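Asker: take a look and give me a structure for this.
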Amino acid sequence: MRAVWILSALAAGLWFVMFSPWTREAIPFWPAMSLSCGLLALAGLWLNRHWLREVFAFRWWHVPVGVFSALVLYLMFFVGDKIAAAILPFASEQVALVYRTRSQADLWLIGVLLFAWVGPAEEIFWRGGVQRRCGQRFGAFAGLALTAAIYTLVHIWSFNLMLLAAAGSCGVFWGAMFWRFRSIWPALISHAVWGVVIFVLLPIC
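Answerer: From the prediction side, this is the model:
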């Protein structure tokens, strides 16, 4: 577990650079996100180097499950955004801050990065690497909960409650998918498709 804590600390450091108000204006977000996710994906592969065949076991039905779950998650966020905007005066402003990075690159490039790199890389690290190890050490449910908590907390540097709520919801959602299907593919496909839909095709803000 020492490697999990060290790599989680590394993720927190990388997310600090990308999201904190003291550093985020000094770096280009999408190159930094791409580099960070690439490093974490390599770390996730290393964490599971002895179980790669099991973690990456693929079945054809993982594709429709991943796509359908992405649309379900998008609808959850769409409805949740409306409810949050109605009861939390700061919600809309904080959601708009998340979308600010859309202006830092062409939307087609952002879509490609989210679909082919950022989403898959995050799943390889967080679910395929961290959750897998935590589940082996503490049990499946505790591993899911712990990984979702860490995944949420690395976003704390944004000081954005709506982003934290989004990260927590996604961490539980994709963590449950990894737990249920015992393969990275359904959650990986879900993350990739959801990222493109909510950030490029049908933004909620």
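Asker: mind checking the SS state of Ala86?
Answerer: Three-state assignment for Ala86 (DSSP: H, G, I helix; E, B strand; the rest coil): helix.
Asker: what is the least confident helix or strand in this structure?
Answerer: helix 52-55 (a mean of 89; mean pLDDT, DSSP states H and E).
Asker: so which elements touch the helix or strand hosting Ala3?
Answerer: Assessed by DSSP states H and E, Ala3 sits inside helix 2-19. Secondary-structure packing of helix 2-19 (3 or more C-beta pairs under 8 Å, 6 or more residues apart in numbering; DSSP states H and E): helix 29-47, helix 132-138, helix 140-153. (Each C-beta comes from the backbone N, C-alpha and C, glycine too.)
Asker: that one relative to helix 140-153, how many degrees between them?
Answerer: For helix 2-19 against helix 140-153, the angle by axes from the mean of the first three to the mean of the last three C-alpha atoms, to 10 degrees is 30 degrees.
Asker: quick one: mean pLDDT for helix 2-19?
Answerer: Helix 2-19 shows a mean pLDDT of 93.
Asker: same check, this time on stretch 57-65
Answerer: Taken as a whole, stretch 57-65 has an average pLDDT of 97.
Asker: now do stretch 192-205
Answerer: 95.
Asker: who touches that stretch?
Answerer: With contact meaning C-beta atoms under 8 Å, 6 or more residues apart in numbering, stretch 192-205 is reached by 66-67, 70-71, 73-74, 77-78, 81, 92, 95-96, 98-99, 102, 107, 110-111, 114-116, 118-120, 170.
Asker: now, the residues you listed that are in helices?
Answerer: 66-67, 70-71, 73-74, 77-78, 81, 92, 95-96, 98, 107, 110-111, 119-120, 170 (DSSP state H).
Asker: list only buried entries from those.
Answerer: 66-67, 70, 73-74, 77, 81, 95, 98, 110-111, 119-120, 170 (16 or more other C-beta atoms under 10 Å).
Asker: from those, pick the one nearest Gly135.
Answerer: Cys170 (17.9 Å; C-beta to C-beta).
Asker: close enough to count as contact, the closest one and Ala70?
Answerer: No - applying C-beta atoms under 8 Å as the test, Cys170 and Ala70 come out as separate, 10.7 Å apart.
Asker: show me the common contact partners of the two, please.
Answerer: 191, 194.
Asker: still on that earlier bit, can I get the helix holding Ala3 in PDB, CA atoms only?
Answerer: The C-alpha trace of helix 2-19 is given here as PDB (Å, rounded to 0.1, in the frame of the first residue of the first chain):
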ATOM      1  CA  ARG A   2       3.000   2.300   0.400                       C
ATOM      2  CA  ALA A   3       3.100   2.800  -3.400                       C
ATOM      3  CA  VAL A   4      -0.700   3.700  -3.400                       C
ATOM      4  CA  TRP A   5      -0.200   6.400  -0.800                       C
ATOM      5  CA  ILE A   6       2.900   7.800  -2.600                       C
ATOM      6  CA  LEU A   7       1.200   7.900  -6.000                       C
ATOM      7  CA  SER A   8      -2.000   9.400  -4.500                       C
ATOM      8  CA  ALA A   9       0.200  12.100  -3.000                       C
ATOM      9  CA  LEU A  10       1.700  12.600  -6.500                       C
ATOM     10  CA  ALA A  11      -1.800  13.000  -8.000                       C
ATOM     11  CA  ALA A  12      -2.600  15.500  -5.300                       C
ATOM     12  CA  GLY A  13       0.500  17.500  -6.100                       C
ATOM     13  CA  LEU A  14      -0.300  17.500  -9.900                       C
ATOM     14  CA  TRP A  15      -3.900  18.500  -9.300                       C
ATOM     15  CA  PHE A  16      -2.600  21.300  -7.000                       C
ATOM     16  CA  VAL A  17      -0.600  22.700  -9.800                       C
ATOM     17  CA  MET A  18      -3.500  22.500 -12.300                       C
ATOM     18  CA  PHE A  19      -6.300  23.700 -10.000                       C
END
